[in-house]
Structure formats: C-alpha cells, structure tokens
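>>> Output the structure for:
(one chain, ligands or ions: 2)
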Amino acid sequence: MATLMFVCTFAERVLPSRVWDSLESYFYKIVHSLFGFLFTDVTITFEEYQSDESFHGRNEAYTAIENYLSIDSSERASKLKAKTTKGMRSIAFSMDDYEVITDEFEGIKVKWYLEKQLPVSQSISWDVSRDEGRRCYKLMFKDKYRSIITESYIPYVIEEGKKIKKRNKFQKLYTNCNGDDRDLWTYVTFQHPATFDAIAMEPNKKQEIINDLMAFTKSKEYYNKIGKAWKRGYLLYGPPGTGKSSVIAAMANLLHYDVYDLELTAVKDNTSLRKLLIDTSKKSIIVIEDIDCSLDLTGQRKNQFKEYENKDSKVPAIKEMAKGTRDKKKSKVTLSGLLNFIDGLWSACGEERIILFTTNHVDKLDPALIRRGRMDKHIELSYCGFEAFKVLAKNYLNLESHNLFEKIRTLLEETRMTPADVAENLMPKSPGLENAGEVGLENLILALEKAKEVERLKAEEALKEDGDNGELDEEESDEEDDEEDGSEGEGTSDEDEDDDSSDEDFLKI
Ligand SMILES: Nc1ncnc2c1ncn2[C@@H]1O[C@H](COP(=O)(O)OP(=O)(O)OP(=O)(O)O)[C@@H](O)[C@H]1O
Ligand SMILES: [Mg+2]
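Ligands and ions are numbered 1, 2, ... in the order given. Now for the predicted structure:
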C-alpha cells in the first residue's frame, strides 16, 4: 500500500497535471466500479450539462445536487474544493472529483460519487491544452429502495439544493451608467438592508403588496394559461421621502431578485434600450426611478404629433430640426420605445421579471405609460399615518407603546410629515442615551407642532390671496358688465384696442 502511495505521489509530481488527471480518472473508475458494485445495485447519473431538443445548458438538477452535497461536506469528504460565496464574504466547501459521500434518508444509506468525465478522444493524452472535462454525480443505492429513492429522496435533494442556492446567491445591483459604453450593464453586490418589516406603511396595504409579490412568483402556469409574459409592473408614487426606493429594496430582498437600475437618460436610443432589456436576467426587478424626470416622454409624444401636423401642412419643422441638433447628445428614447420595452414582443424574452417605476408626480405621466396591464399595480406612498409611525417607533426606539403615542396620533392626523422626516426626528441624537425613547418622541412632537404651525400660516396666506383675487375678479366682472351695458360711454376705437391688448397680456400671464 505504502509503495502504491509512493508511486502515486511520484507520478503526480513528475507527470504533467493533465496527464495525471487522465490516469487518476481511470484509476478511480476502476476502484469505484469494483467496490461500488459490491454494496449497491442501482446507479443514477446526473450529468453536469444537458444537450437535447428540450434543453441545452447546465443541468439544474446537477447544480441542486452540488449545493445539497455541499452541506457538511467538509466533515463528510476527505478531498474538498473551496470556492467563495456571497460576494467574497465566506468560503464554501464541496466534494472534489472522484470523492464519495454517504447520505442517509429515512434510514436508507445511499452513496454519491462525483466523476469527472474526460472527452473520449482525449482520455489519455499528453496534450496539456485540452478541455477540463465535464462532471457527473452518480447516486448508488440498493434496488429494494428504488421507488423511495426516485419518488421521495431525489425530489427532496433537488428542493433542498435549490433552497441552499437561493441562500448562497448574492444579489446584484446593475446599472447602465458606466462611462462610454452605455449599452452594457455593470454590477455591484446588492446590500441594501431594507425589509418590509422596517417599512412604515399601513399594515393591510403592506400585506397586500407582499401577497401580490408572492402570488406573482408562483404564477408561472397561470401566466402561461392566460397567454401573458410572466412579468408584473408596479408604479410607486408619492412625495419625496415616503419610502419608494426603500420599498424597491425591500421587494428585492423579499424575492432575492437582482435589481437593474435603468437610467433612461443614459440610454442612446430605442435599440440600445432593447439591447439592455435582452441582457437582463430572469428573477429580476427593472427599476426606472423618477420616470417623470427621466425623459420628456410626454413632450416627445407631442412633438411627434407636431411633426405629423407639419407634414400635412407641408411646413418644414424648422424648430423641431433645430431642437434635434441641439439634443443630439441626449437620449433618443421615445415613449413608444419605452412602451415596447415594457410590454412589446421583446419584453417576453425573459421571465419572472418585475418592472417598477417611481415618481413624485403621477399626474405628469402619460396615461399610456401607466395604464393597468402595463403598470399592473399602482401603489401610493404617502405621508406618515399613526400605523406607519408605530413601525418607525418600534424600529428606531424599540417602543411598542408609550403615553405620548396618543398625542402623536392626533398631531399626525392634523399635519403632514413624511416617514423620512418622522424617522429623522425619532433617531437618537447621541448614542447610549438612557431615555432615548422618550427624547425621540418629544423631538417628534416638537417637529410636528412646528410643521402644523407652518401649515396653518400657509393656509392663512393662501386664504388671504384667494380673498384678494376674489375682490379683483369681482371688480373686473363689474367693469365687463359696465362695458356690456355701454355705461362707460362711447370710447375711441384706439382706447378700445388698447384695452383689448392689455386683456390679452393679462390672459397670457
Ligand atoms: N415608508 C418608510 N418606511 C421606512 N422608512 C422610510 C419610509 N419612507 C422613508 N423612509 C426613510 O427615509 C429615507 C428616504 O426614503 P426613500 O429614499 O425610500 O424615499 P423616496 O420616496 O424614494 O424619496 P424620493 O422620492 O426623494 O426618491 C430612507 O432611507 C428611510 O430610512
Ligand atoms: Mg427614491
């Protein structure tokens, strides 16, 4: 035995690694077929790659098994492979080639063997430049357990493997703002801590969003049945600081989806937009923030109409042409390009995708852009109500109740404050403060009272302005009445013209 080991070690050192790999593969195959045969009668092979008319690519079952067997592999196998996970934050071990791991399921022992398959023509070769080879897992067990293994154990392994993959997968945050090449996505690890637990929102509304998202992820068959691409559009609207971006992050964290943050102004034209769309992966959220500011989409649509009018009247659209030259470097994405991006033929090329728009001014958007079916769910994020405040108090001060809560409830009903401002007021200003909870609540009360006072003064001012305008209107209508009655006498035609022009100026203003 010692001699054999010495020969092996010597051969490994002196032979080129590719050649040693080939010999090692043969050696293990012989040992495996000799000994494996003695203890098991059935072998099921899971190839790493599948290539037939139904599918070409990496076999998902293989990946799931790989993940499943990685659990405790550092204790169960003697030869291990190490790879980094979660954006280089940890190291995961898995069994190495030609290694055997024993597993147990409902008292039944099975063996998993990882075989590296070398291409036939190059099985024994001195050519060091040949391919690495493909792998397969071989599951071995006794024939009497055939049905339990195929019907229960294998589905269990695949399911567990998928769960592990989901846990280990690090999410990516993609952007198309990457210097000159704007048709490309680049990414960083997505590490936003927002969760739905931390989102301050009316609980029923929050639950409704969560249910909607979860139902979407499980609706592959339903979407197939109704003949729609498996995607869903959400429009998040509301004033600044009400949590739109935080909700996006919470959605991504809930679903473990990658996020594609699409900066429309950086997209050259509709072709580039389509290219970017095709390059997004499934299980992802495509976000266009502040859609009302992204492009003058409504304006471009109006301009198209203008060009059409001009064509009819044969008047060259000089102004449009001049504007076009000026805007050469700007994005040429049009509204129709964007509508195609959302639900044109190309939008169906990937599945399980969420498209999300945010805006502070929902009324400014073209109705075509946000009609139901395109943006399926419209979610308003608004000023902080009492229920939303309770979430923030719990998160920021660890308080679920307090005698100041009632006062805050009344103030929140009387004035408007965004969750961002409420959170800022609650946040302890110095660390380790003993009565941080009470101080935070008192801070908030002061801020709310101040906001209430500001709102009262503004309302008073607006009322006063309305009053002044009302008086002015009354005076004008009196004058008009007088003119109609002719009580002003017969003024000169010049005077009349002057009056007309000043009226026109006033209307323009
Ligand atoms: N509903 C909310 N729940 C929890 N925290 C919130 C909420 N709204 C705002 N915040 C806090 O305020 C900060 C700003 O919120 P966020 O960026 O999500 O607002 P926004 O609606 O996207 O604003 P904008 O329209 O300016 O982009 C967040 O970091 C978060 O801490
Ligand atoms: Mg935002």
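>>> Now do the helices in the stretch 201-350 of the chain.
For the stretch 201-350 of the chain, the helices defined by DSSP state H, counting those that start in this stretch cover 203-217, 220-226, 244-255, 270-278, 291-294, 297-313, 318-326, 335-343.
>>> And the last one, what does it pack against?
Packed against helix 335-343 by the contact rule (3 or more C-beta pairs under 8 Å, 6 or more residues apart in numbering; DSSP states H and E) you find strand 231-237, helix 270-278, helix 297-313, helix 367-370. Backbone N, C-alpha and C define where each C-beta goes, glycine included.
>>> The stretch 351-500 of the chain: helices as residue ranges?
In the stretch 351-500 of the chain, the helices defined using DSSP H, counting those that start in this stretch lie at 367-370, 386-397, 405-414, 419-426, 436-485, 493-508.
>>> quick check: mean pLDDT across the longest one?
The pLDDT scores in helix 436-485 average 79.
>>> all numbers from here: first residue = 29
Let's use 29 as the start, then, which means that last one is helix 464-513.
>>> what about the residue of the stretch 279-428 of the chain found nearest ligand 1, neighbour count?
Here the residue of the stretch 279-428 of the chain nearest ligand 1 is Asn388; by C-beta to the nearest ligand atom that distance is 5.2 Å. Residues near Asn388, counting by other C-beta atoms under 10 Å, number 16.
>>> With Lys405 instead?
Neighbourhood size, Lys405 [other C-beta under 10 Å]: 17.
>>> wait, what's in contact with it?
By C-beta atoms under 8 Å, 6 or more residues apart in numbering, Lys405 lies in contact with Ile237, Asp240, Arg260, Gly261, Tyr262, Leu263.
>>> Narrow these to just the buried residues.
Ile237, Arg260, Gly261, Tyr262, Leu263 (16 or more other C-beta atoms under 10 Å).
>>> Looking at those residues, spot the one nearest Glu127.
Closest approach between the buried ones among the contacts of Lys405 and Glu127, by C-beta to C-beta: Arg260, at 43.5 Å.
>>> For the stretch 179-328 of the chain, which residues score under the pLDDT cut-off?
207-210, 323-328 (pLDDT under 70).
>>> and whatever residue of the stretch 329-478 of the chain ends up closest to ligand 2, what pLDDT?
Nearest residue of the stretch 329-478 of the chain to ligand 2, counting by C-beta to the ion: Thr386, 5.9 Å away. pLDDT recorded at Thr386 is 95.
>>> neighbours around it, how many?
Neighbour count for Thr386, taken as other C-beta under 10 Å: 22.
>>> and it, bridged to which residues?
Leu264 (DSSP bridges).
>>> just checking, Arg402 touches Ile370?
Yes - using C-beta atoms under 8 Å, Arg402 is in contact with Ile370, at 5.5 Å.
>>> Spit out the contact partners of the closest residue to ligand 1 within the stretch 229-378 of the chain.
Nearest residue of the stretch 229-378 of the chain to ligand 1, counting by C-beta to the nearest ligand atom: Gly271, 2.7 Å away. The contact partners of Gly271, by C-beta under 8 Å, 6+ apart, come to Ile227, Ala228, Met229, Leu409, Pro447, Ala448.
>>> Let me see the contact set for the last one.
So the one you mean is Ala448. By C-beta under 8 Å, 6+ apart, the contact set of Ala448 is Pro268, Gly269, Thr270, Gly271.
>>> Between which two of those is the distance greatest?
Pro268 and Gly271, at 10.2 Å, using C-beta to C-beta across those.
>>> Compute the distance between Tyr285 and Phe218, please.
9 Å (C-beta to C-beta, to the nearest Å).
>>> I misspoke; the intended subject was Ser273.
Taking C-beta to C-beta, one finds Ser273 at 13 Å from Phe218.
>>> my read: Ser106 touches Glu127, true?
Yes - applying C-beta under 8 Å, one finds Ser106 in contact with Glu127, separated by 7.2 Å.
>>> These two: which is more packed in?
With neighbours defined as other C-beta under 10 Å, Ser106 and Glu127 compare such that Glu127 has more, 20 against 9.
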